[in-house]
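Asker: next come a sequence and a model predicted from it.
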Amino acid sequence: MSPRNLFTAENLNLSIGEQIIFDDAAVSAFEGERIALIGRNGSGKTTLLKVIAGIEIPMDAKIAKERDLRIAVMPQDFQLDENLSARENIRTGQEYFYELQRAYESKLPQQEHERIEELLNRYDAWHLDHKLDEIMEKLHLRDEDTPVAGCSGGEKRRIALARAIVSEPDLLLLDEPTNHLDVETIEWIENFFASWRGTAVFITHDRRFLDKIATRIIELDHGKIYSYPGSYADYLAGRAERLEAADAQENRRQSFLRREIEWVRRSPKARMKRNMGRLRRYEEIAAQSGPVRDEEIDLVIPKGPRLGNMTLELKDVSLSFGERNIIKNFNFEFAPGCRLGVVGPNGAGKTTFLRLITGDLAPDSGIVRVAPTVQFNYVDQSRVILDGNKSVLDEIGQGVSTVQLGSETISVWTYLRRFLFDERRINTRVDRLSGGEKARLALAKVLLNGGNFLLLDEPTNDLDLSSLRLLEEALLDFNGCLIAVSHDRYFLNRISTHILGFDGEGNSFFTPGDYDYYLEKRPHPAVNEVKEKNTPPKTVSVPAPAKKKLTYKEQKELDSMADAVAAAEEKVAEYEALFSSPDFFQSHGGESARLQAEFEEAQKKAASLYSRWEELEAKAAECSR
């Protein structure tokens with residue numbers, strides 16, 4: 001059986017000023033789908049979510065929904081009752097089931113009573129408290145009677161998400177569900193949706209989340225809606241094919257117009273009555289517009305003064321809030337060019353770590369030593385105050401027409417175009433920008449301060465995929481030091497040379513490399529203890545000789561391969577132990593760049609040996625058949 005069509009919208013047309021949001025667009029959602037909406041900031045993703053929810057319906061639009069379709073929405077600007085506890089707020093999402101229970105207990109006709117009983121059984125709505133307890137535990141929400149007014153932004157987002165999930169709707173709509181959530185919570189959400197039987201439409205810029213969860217991707221591009229079945233990787237391939245086909249069609253159109261112009265110029269007969277149809281055809285084709293593309297502009301971060309060999313050192317640093325340890329006996333030294341990703345659960349001390357570095361907080365003990373050549377630039381978007389009554393141009397220009405970027409002077413217009421603000425948006429009032437556009441504007445405003453040591457606190461929140469890619473490229477080209485606190489795993493993999501993780505109890509773990517490598521190497525004490533007790537020592541087994549011999553040289557290479565692989569692994573382990581040692585930067589700070597290069601070379605050698613071993617084993621197996 002084909003899946004049920006839950007929702008269809010056709011003839012969607014909407015413009016805001018000169019900006020076209022929907023241009024005769026159409027969209028649908030089928031049972032069991034997990035649909036991701038993507039597009040540049042301001043392209044209409046949140047508006048489309050509101051259309052599906054029935055909150056906003058464009059004039060003359062044709063909307064069709066399945067009868068009695070239950071929809072739950074978690075908007076980006078969700079509202080909670082600040083006077084209620086977390087549990088009480090989440091419970092409001094179960095009101096539909098409480099109504100069913102009340103109706104079941106009332107006097108009803110037999111047929112209606114049986115219908116309600118069937119619904120209660122279908123949703124297992126007899127155990128609502130148990131379900132609520134389970135979701136609160138999974139999302140690490142405290143079951144307390146205190147009002148949510150005192151909760152952090154991340155806790156409130158988890159409460160809103162839990163409220164939407166416990167409602168068990170036919171269609172769940174989520175606007176940026178992973179923003180401000182830590183990696184552990186995001187991974188739980190991924191696992192939840194991977195096995196969820198309902199239908200979901202969500203907006204996200206988390207590319208790892210997108211690739212793992214989406215079964216179909218819908219792109220909004222200049223008023224049009226394009227659908228791509230599959231994952232994020234499938235979308236990238238499909239979009240490239242669509243753009244290539246559009247370019248080919250535009251080339252054919254231009255060739256036709258060139259031929260017809262030449263015909264009109266050369267042939268007086270072109271003006272005869274029998275050729276008027278050909279002229280009209282030319283005029284129709286000429287009136288058509290080519291494919292509209294967003295201009296790709298490189299985002300350039302202003303270069304700061306040159307750093308010396310010593311930049312920043314933290315020695316035996318400890319900090320506690322009351323009885324809670326935030327950082328314990330922490331030692332670290334930054335080499336020039338280091339790009340450090342900082343991870344950990346919400347409340348683990350990541351932002352506190354940044355404030356220790358800038359001097360906003362003083363440690364309880366230890367020393368934070370900053371070189372005189374260091375100029376910090378702290379990019380914390382939540383602290384950037386934008387004036388909603390000003391235009392984008394005035395917010396950056398502040399009454400002048402140029403900005404100074406190091407030794408370079410450029411116009412405010414040119415600077416804003418680097419942050420993807422075109423002519424129309426540059427004169428737009430700030431309070432009319434989308435959340436992502438405001439995030440880009442805040443980034444543009446802070447980066448004007450220059451500096452050679454960037455501190456980024458959740459820089460990827462609210463940025464669209466195009467803006468994220470440009471930011472990543474700019475950070476890779478930045479010539480100073482960088483610390484980025486982020487839960488965006490894709491972003492950390494691209495920009496990080498090292499990862500530092502905090503566990504929320506004052507402990508930290510450091511690895512060279514990207515986030516995936518950190519995940520592989522971070523300690524799991526409970527798991528390690530079990531392995532030590534129950535698992536025999538790891539050994540490398542030598543493959544059995546093949547029935548048919550390889551060449552003498554290949555067989556000799558294969559016989560020695562186990563020892564070579566073991567030696568290569570041991571070398572990698574030695575570097576890992578060296579980098580992970582608490583006194584690494586005290587003992588080897590000046591050699592960190594050389595040791596990092598040697599470590600990467602050792603990793604490559606181990607991988608190459610593994611690959612060669614597999615190749616020889618496969619060949620030996622083939623010979624033995």
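Answerer: Happy to help now that I have it. Numbers count the residues shown, from 1 in each chain.
Asker: contact partners for Val412?
Answerer: Neighbour list for Val412: 393, 396-397, 400-403 [criterion: Cβ atoms under 8 Å, 6 or more residues apart in numbering]. Backbone N, C-alpha and C define where each C-beta goes, glycine included.
Asker: top of those by neighbour count?
Answerer: Ile396 (21 neighbours; other Cβ atoms under 10 Å).
Asker: gap between it and Ser106?
Answerer: Applying Cβ to Cβ, to the nearest Å, the value for Ile396 to Ser106 is 62 Å.
Asker: Leu120: which of the contacts of Val412 is nearest?
Answerer: Ile396 (57.3 Å; Cβ to Cβ).
Asker: how close does the closest residue to that closest one other than its chain neighbours get to Ile301?
Answerer: With Cβ to Cβ, 6 or more residues apart in numbering as the measure, Val412 is the residue that lies nearest to Ile396, at 5.5 Å, once sequence neighbours are left out. Between Val412 and Ile301 the distance is 17 Å, computed by Cβ to Cβ.
Asker: ok, Ile21 next?
Answerer: Using Cβ to Cβ, Ile21 is found at 31 Å from Ile301.
Asker: how about Gly32?
Answerer: Distance, Gly32 to Ile301, using Cβ to Cβ: 44 Å.
Asker: quick one, phi/psi of Ile135?
Answerer: The phi and psi values for Ile135, taken as degrees, to the nearest 10, are phi -70, psi -30.
Asker: so for it, what's the nearest residue that isn't a sequence neighbour?
Answerer: Ala162 (4.9 Å).
Asker: ok, now Val400?
Answerer: Val412 (7.4 Å).
Asker: what score does the one you found have for pLDDT?
Answerer: Val412 carries a pLDDT value of 87.
Asker: same check, this time on the one 10 residues further on
Answerer: At Asp422 the predicted local distance difference test score is 78.
Asker: what about it, how many residues close to it?
Answerer: Residues contacting Asp422 under the criterion other Cβ under 10 Å number 11.
Asker: how much space separates it from Asp488?
Answerer: Counting by Cβ to Cβ - Asp422 and Asp488 are separated by 26 Å.
Asker: try Ala214
Answerer: Remark: distance between Ala214 and Asp488 (Cβ to Cβ) = 16 Å.
Asker: with Leu616 instead?
Answerer: In terms of Cβ to Cβ, Leu616 sits 40 Å off from Asp488.
Asker: more crowded one of those two?
Answerer: Asp488 (27 against 19).
Asker: ok, and the closest non-adjacent residue to the more buried one?
Answerer: Take Asp488 and drop its neighbours on the chain: the residue closest to it by Cβ to Cβ, 6+ apart is Thr460, 4.4 Å away.
Asker: with Lys521 instead?
Answerer: Thr511 (5.1 Å).
Asker: the one you found and Arg522 touch, don't they?
Answerer: Yes: using Cβ atoms under 8 Å, Thr511 is in contact with Arg522, at 7.3 Å.
Asker: show me the contacts for Asn346.
Answerer: 152, 154-155, 180-182, 185.
Asker: that one: what secondary structure?
Answerer: coil (DSSP: H, G, I helix; E, B strand; the rest coil).
Asker: repeat for Lys438
Answerer: Looking at Lys438 with three-state DSSP, the answer is helix.
Asker: so for the longest helix that the chain contains, what gets flagged as buried?
Answerer: The residue-count maximum for a helix in the chain (DSSP state H) belongs to helix 232-266. For helix 232-266, a neighbour-count test (16 or more other Cβ atoms under 10 Å) marks 232, 234-235, 238-239, 260 as buried.
Asker: out of those, who's nearest Pro147?
Answerer: The nearest member of the buried residues of helix 232-266 to Pro147, counting by Cβ to Cβ, is Tyr232 at 39.1 Å.
Asker: the closest one against Ile217, yeah?
Answerer: Yes: using Cβ under 8 Å, Tyr232 makes contact with Ile217 at a distance of 6.7 Å.
Asker: overlap of the contact sets of the two?
Answerer: By Cβ under 8 Å, 6+ apart, the residues touching both Tyr232 and Ile217 are 36, 210.
Asker: rewinding a little: tell me the least confident of the buried residues of helix 232-266?
Answerer: pLDDT across the buried residues of helix 232-266 is lowest for Glu260, at 70.
Asker: roughly how far does it sit from Gly435?
Answerer: To Gly435, Glu260 is 47 Å away according to Cβ to Cβ.
Asker: go on, Ile21?
Answerer: Ile21 is 16 Å from Gly435, by Cβ to Cβ.
Asker: now swap in Glu600 and tell me
Answerer: Glu600 is 38 Å from Gly435, by Cβ to Cβ.
Asker: and for Asn121?
Answerer: Counting by Cβ to Cβ, the gap from Asn121 to Gly435 is 41 Å.
Asker: out of the two, which sits in the busier spot?
Answerer: Neighbour totals were compared for Asn121 and Gly435, and Gly435 leads with 18 against 10 (other Cβ under 10 Å).
Asker: what's the closest non-adjacent residue to the more buried one?
Answerer: Asp462 (4.7 Å).
Asker: again, but for Thr497
Answerer: Excluding the flanking residues, the one nearest Thr497 by Cβ to Cβ, 6+ apart is Arg339, at 4.7 Å.
Asker: list the contacts of the one you found.
Answerer: 475, 481-482, 484, 495-498 are the contacts of Arg339 under Cβ under 8 Å, 6+ apart.
Asker: swap in Lys390?
Answerer: 429-430.
Asker: and Pro305, by the same measure?
Answerer: Pro305 touches 373, 375, 452, counting by Cβ under 8 Å, 6+ apart.
Asker: tell me which element the first one falls in.
Answerer: With elements delineated by DSSP states H and E, Thr373 resides in a region that no helix or strand encompasses.
Asker: tell me how many other residues surround it.
Answerer: Neighbour count for Thr373, taken as other Cβ under 10 Å: 16.
Asker: quick check, it in contact with Gly304.
Answerer: No: between Thr373 and Gly304 there is no contact under Cβ under 8 Å: 9.3 Å.
Asker: hey, what's in contact with both of these two?
Answerer: Shared contacts of Thr373 and Gly304, counting by Cβ under 8 Å, 6+ apart, come down to Asn452.
Asker: give me the buried positions along the strand or helix carrying Leu49.
Answerer: Per DSSP H and E, Leu49 falls inside helix 45-53. Within helix 45-53, the residues that count as buried by 16+ other Cβ under 10 Å are 45-53.
Asker: again, but for stretch 182-202
Answerer: Neighbour-count burial for stretch 182-202 flags 182-183, 185-186, 189-190, 193, 196, 198-202 (criterion: 16+ other Cβ under 10 Å).
Asker: same check on stretch 52-63?
Answerer: Buried residues in stretch 52-63, counting neighbours by 16+ other Cβ under 10 Å, are found at 52-53, 58, 61.
Asker: and that stretch, how far out from the chain middle?
Answerer: In this view, stretch 52-63 has its centroid 29 Å away from the chain centroid, taken as Cα atoms, centre = their mean, to the nearest Å.
Asker: now do the same end-to-end measure for that stretch.
Answerer: Taking Cα to Cα, to the nearest Å, stretch 52-63 runs 9 Å from one end to the other.
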